[in-house]
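Participant: test case, fold it:
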Amino acid sequence: MLLAVPGLIWGSSFYFIAIALDSFSPGLITPLRVLIGFFTLGMFPKARVPIPRKAWGGIVTLGVVWLAVPLSVFPFAGQHVSSSVIGMLNGAAPLFTALVATAIVRKAPPLGQVLGLGIGLLGVVFIALPSINGPSSTFGVVLVLSALTLYGVALNVAGPLQREYGALPVLWRAQLVAVVLLSPMGVYSLRDSEFAWRPFAAVIVLGVFGTAIAHLAMATLAGRIGSTRASAGLYLMPATALLLGVTLRHENVAVLAIVGSVLAVLGAYVLGRSKRHDDDAV
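Facilitator: A predicted model of the protein is given here:
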């Protein structure tokens, strides 16, 4: 269940971001959802358990690279590319997690992992190509890939912190950091937004489920089974985003992008299988 929750919730998040953009500025959506997520996690007593001061360096890092920056990127990217494409690109998140992990350990990955990375990155190219038809769409794709790189860093930071201090205390404080960092952008963006109930309901869903529950599940997984294995649950994101985007928002998706989505998931699967075999050997 923990593996399925982040993929399903985050796969649907891009649909709800698209709804929120109908009335709210991109710069307001992320501060609101993080604030709602912070209050949601704060309802659990375990979130307020004291942690030592030495943990705050990692917590601040998580607040920046897992929450404040990437969550701000997606609404802006949604102005340039469809929610389906963003969701399919996010299916490559395990690849970026593995690339960052490889850079951290400074060790060349085994042949199986190289094969998985190659297949997955080819899939990313196939997803992106049909969407790139000018500077605007190219900018949107680059934003998404930048966010995925930060996600790779975040999952590798979250695992050790969760194992030592617990997912709830770490994530709740990381959200507090993100709230502080995002507040000026949120206040500034109020002038470009107007209130409507449907977009506001979408932001509530993003805050409670996408920012609180899904991040909590992923942080817990990263601590229990490692960052690369935990990111395997994100295989569900492309199918979820594609289904919602096409059926509910009537978005057009190129066949090449769907093929690329399959390749991205296949590459992540090959990568995950290779990782498990290596772990078993150890």
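Participant: ok, longest helix in the protein?
Facilitator: The longest helix of the chain (DSSP state H) is helix 135-165.
Participant: summarise which helices and strands that one is packed against.
Facilitator: helix 56-62, helix 69-77, helix 83-90, helix 93-105, helix 111-128, helix 167-189, helix 214-225, helix 227-230 (3 or more CB pairs under 8 Å, 6 or more residues apart in numbering; DSSP states H and E). Just so you know, the C-beta spots here come from the backbone N, C-alpha and C atoms, and that holds for glycine as well.
Participant: what comes up buried for the fifth one?
Facilitator: In terms of neighbour count (16 or more other CB atoms under 10 Å), helix 111-128 has its buried residues at 112-113, 116-117, 119-124, 126-128.
Participant: before we move on, what about stretch 180-194?
Facilitator: In stretch 180-194, counting by 16+ other CB under 10 Å, buried: 181-182, 185-186, 189, 193.
Participant: now swap in stretch 147-160 and tell me
Facilitator: So stretch 147-160, judged by 16+ other CB under 10 Å, has buried residues 147-159.
Participant: what residues does the helix or strand that contains Thr247 touch?
Facilitator: Assigned by DSSP states H and E, Thr247 belongs to helix 236-248. By CB atoms under 8 Å, 6 or more residues apart in numbering, the surrounding residues in contact with helix 236-248 are 4, 7-8, 10-12, 14-15, 18, 82-84, 86-88, 90-91, 93, 251, 253, 258, 261, 264-265.
Participant: same question for stretch 140-156.
Facilitator: Residues outside stretch 140-156 that contact it (CB under 8 Å, 6+ apart): 61-62, 65-66, 69-70, 73-74, 76-81, 85-86, 89-90, 92-93, 96-101, 104, 124, 128, 131-132, 218, 222, 227, 230-231.
Participant: got the buried residues of helix 111-128 as TSV, with pLDDT and distance to Val203 columns?
Facilitator: Formatted as TSV, those follow (pLDDT from 0 to 100; distance: CB to CB, whole Å):
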residue	pLDDT	distance to Val203
Gly112	73	41
Gln113	72	38
Gly116	76	36
Leu117	75	35
Ile119	83	36
Gly120	76	31
Leu121	79	33
Leu122	85	35
Gly123	81	31
Val124	79	29
Phe126	84	32
Ile127	80	27
Ala128	77	28
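Participant: which one of these is nearest to Tyr165?
Facilitator: Nearest to Tyr165 among the buried residues of helix 111-128, counting by CB to CB, is Gln113 at 29.4 Å.
Participant: contacting residues around Pro50?
Facilitator: Pro50 touches Pro169, counting by CB under 8 Å, 6+ apart.
Participant: three-state assignment of it?
Facilitator: coil (DSSP: H, G, I helix; E, B strand; the rest coil).
Participant: separation between it and Ala68?
Facilitator: Applying CB to CB, to the nearest Å, the value for Pro50 to Ala68 is 24 Å.
Participant: kindly report the same for Phe44.
Facilitator: Note on Phe44: its distance to Ala68, by CB to CB, is 22 Å.
Participant: kindly report the same for Ala212.
Facilitator: For Ala212, the distance to Ala68 - CB to CB - is 15 Å.
Participant: cool, and Phe16?
Facilitator: Note on Phe16: its distance to Ala68, by CB to CB, is 19 Å.
Participant: repeat that for Phe39.
Facilitator: Distance check for Phe39 against Ala68: by CB to CB, it reads 17 Å.
Participant: do the same with Phe195
Facilitator: Per CB to CB, Phe195 is found 24 Å from Ala68.
Participant: these two: who's more crowded?
Facilitator: The residue with more neighbours, out of Phe195 and Ala68, is Ala68; 24 against 8, by other CB atoms under 10 Å.
Participant: need the contact list for the more buried one.
Facilitator: Ala68 makes contact with 30, 34, 177-178, 181-182 under the criterion CB under 8 Å, 6+ apart.
Participant: how about 7 Å then?
Facilitator: Contacts here follow CB atoms under 7 Å, 6 or more residues apart in numbering; on that basis Ala68 touches 178, 181-182.
Participant: tabulate those residues (JSON lines), appending pLDDT.
Facilitator: What follows is the contacts of Ala68, written out as JSON lines (pLDDT from 0 to 100):
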{"residue": "Ala178", "pLDDT": "96"}
{"residue": "Leu181", "pLDDT": "97"}
{"residue": "Leu182", "pLDDT": "96"}
